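A.B. asks: Give me coordinates for this.
(2 chains)
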Protein chains: 2
Amino acid sequence: MLSSVKEQIKIPRATIERLPLYYKTLQNLDNEDVVTTSTLELSKILGITPETIRKDLNLFGHFGIKGAGYDVINLMLKIGNILGLQNYWRIAIIGVGNLGAALAKFEKITDWGFVIAALFDIDENKIGEDINGVRIYDFKKFVPISGRKLIDIGVIAVPDDAAQNVADVLVEAGVKGIWNFSAVQIEVPNDFTVINENLMVGLSALSFYLNQNAK
Amino acid sequence: MLSSVKEQIKIPRATIERLPLYYKTLQNLDNEDVVTTSTLELSKILGITPETIRKDLNLFGHFGIKGAGYDVINLMLKIGNILGLQNYWRIAIIGVGNLGAALAKFEKITDWGFVIAALFDIDENKIGEDINGVRIYDFKKFVPISGRKLIDIGVIAVPDDAAQNVADVLVEAGVKGIWNFSAVQIEVPNDFTVINENLMVGLSALSFYLNQNAK
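C.D. replies: Predicted structure coming up:
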């Protein structure tokens, strides 16, 4: 759950959150060998109004062919490009507990072009081990290893009380993108980007709707 | 990452997504023995404009005392009430792989008043084991066990190609709330609520901002 993001640019956050849904849907259509699609079809699959889809895509230029719809692969590649997926961002996961280990094995991350380049922990029993061939390093050596491994994105998967410390080390290492799974609102300089993944937002929303429906 | 939700009611989705952030912040303030707070303080902590916070809270009635701010515990309990957290919703996690196991150990879930009541898998090596005292049952027996355990929420933490099948069983069992961690857009009858937790939305947003900043 995206909960906070620096909004330096003009694209609405809601649009940025929908782009991956379009991307995923186009990927699925391509896997089913569907060659062209339409706003209406995307709308039906995703439950998003055709107007919203049209408005979202128009923000990035003219995609469709009037009457002919969209070329699935073309649109997918263009959206991937807008999302920056062509950069093969290199990820380090900090904290190889249950969550960190689950993320290290989460195939979608690599399917989408991200590279899990290194794992870090402070537990000596874990350091030197690997997950799917990616080694677990001593977090004390994060700065030099992160430089050598060209890390772009640091994933904070440590207990809440260690999250800000980890963020400080990521900043020291110049890792500009932070994917924060802790419940802590971490502080970083302005030129760093933090995405907070707050699972409780989704679960609470579910609780909200169940509560409404029960009334 | 919340990606899709039925919007039967008038409260904007964005507001519903912010309520848990207010709740969490108030929890933290209470833990620090802070007794009163203000829109401005919440704004500073969360990076959300005071106007938005005021507008959000006004949707649910009059909370603050003009000039005196909010009573932390009172506001926290009221937001918890709006979110339905007082219901002690009973959760079953289906699929005890890395993600399912991580969720079963995720303390925030129980901290917020949800009850992890049962785990399910099809792997015979896992069935009969437990995680933090919660037993792993055979998913084939989901319908009777879910009835006996009074399950309100089913968490889909299985591989994508099994997700719709699991959803069908949840529907058969009358489990009205579904927290879907698969990448599949599952289909359920209208009176069921699905929250899709799509981690790739958060990671892609991070990629988007990194890409923008690199330009």
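A.B. asks: any idea which helix or strand comes after the longest strand that chain A contains?
C.D. replies: Scanning chain A for the longest strand, with DSSP state E as the assignment, gives strand A:115-121. For strand A:115-121, the succeeding helix or strand toward the C-terminus, using DSSP states H and E, is strand A:130-131.
A.B. asks: Give me the mean pLDDT for that next one.
C.D. replies: pLDDT averaged over strand A:130-131 equals 96, rounded to a whole number.
A.B. asks: Within its sheet, name the partner strands of it and how each one runs.
C.D. replies: According to DSSP bridges, the neighbouring strands of strand A:130-131, each with its direction, are strand A:134-138 (antiparallel).
A.B. asks: Show me which residues of the partner strand are buried.
C.D. replies: By neighbour count, and taking 16 or more other Cβ atoms under 10 Å in any protein chain shown as the criterion, the buried residues in strand A:134-138 are A:Val134, A:Ile136, A:Tyr137. All C-beta atoms are positioned from the backbone trio N, CA, C, and that covers glycine.
A.B. asks: do stretch A:142-160 as well
C.D. replies: By neighbour count, with 16+ other Cβ under 10 Å as the criterion, the buried positions of stretch A:142-160 are A:Phe142, A:Ile145, A:Ser146, A:Lys149, A:Ile151, A:Asp152, A:Ile153, A:Gly154, A:Val155, A:Ile156, A:Ala157, A:Val158.
A.B. asks: same thing with stretch A:114-128?
C.D. replies: Buried residues in stretch A:114-128, counting neighbours by 16+ other Cβ under 10 Å, are found at A:Phe114, A:Val115, A:Ile116, A:Ala117, A:Ala118, A:Leu119, A:Phe120, A:Asp121, A:Lys126, A:Ile127.
A.B. asks: Nearest to chain B among the residues you listed?
C.D. replies: Closest approach to chain B among these (Cβ to the nearest Cβ): A:Phe114, at 6.8 Å.
A.B. asks: I figured the closest one hits A:Ile153, correct?
C.D. replies: Yes. With contact defined as Cβ atoms under 8 Å, A:Phe114 counts as touching A:Ile153 (7.4 Å).
A.B. asks: between these two, what contacts are shared?
C.D. replies: Overlap between the neighbourhoods of A:Phe114 and A:Ile153 consists of A:Trp89, A:Arg90, A:Ile91, B:Leu203, taking contacts as Cβ atoms under 8 Å, 6 or more residues apart in numbering or on different chains.
A.B. asks: In helices, which of the buried residues of stretch A:142-160 fall?
C.D. replies: When these are checked against helices (DSSP state H), the matches are A:Phe142, A:Ile145, A:Ser146.
A.B. asks: my guess is the last one meets A:Glu172, correct?
C.D. replies: No. Using Cβ under 8 Å, A:Ser146 is not in contact with A:Glu172, being 9.4 Å away.
A.B. asks: about what we covered before: of the buried residues of stretch A:142-160, which are in range of chain B?
C.D. replies: Judged by Cβ under 8 Å from any Cβ of the partner chain, the overlap between the buried residues of stretch A:142-160 and the neighbourhood of chain B comprises A:Asp152, A:Ile153.
A.B. asks: Just send the buried residues of stretch A:142-160 back as JSON lines, with pLDDT and distance to B:Asn28 too.
C.D. replies: JSON lines is the format used below for the buried residues of stretch A:142-160 (pLDDT from 0 to 100; distance: Cβ to Cβ, whole Å):
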{"residue": "A:Phe142", "pLDDT": "98", "distance to B:Asn28": "27"}
{"residue": "A:Ile145", "pLDDT": "98", "distance to B:Asn28": "32"}
{"residue": "A:Ser146", "pLDDT": "97", "distance to B:Asn28": "29"}
{"residue": "A:Lys149", "pLDDT": "97", "distance to B:Asn28": "34"}
{"residue": "A:Ile151", "pLDDT": "98", "distance to B:Asn28": "30"}
{"residue": "A:Asp152", "pLDDT": "97", "distance to B:Asn28": "30"}
{"residue": "A:Ile153", "pLDDT": "98", "distance to B:Asn28": "26"}
{"residue": "A:Gly154", "pLDDT": "98", "distance to B:Asn28": "23"}
{"residue": "A:Val155", "pLDDT": "98", "distance to B:Asn28": "22"}
{"residue": "A:Ile156", "pLDDT": "98", "distance to B:Asn28": "17"}
{"residue": "A:Ala157", "pLDDT": "96", "distance to B:Asn28": "20"}
{"residue": "A:Val158", "pLDDT": "95", "distance to B:Asn28": "17"}
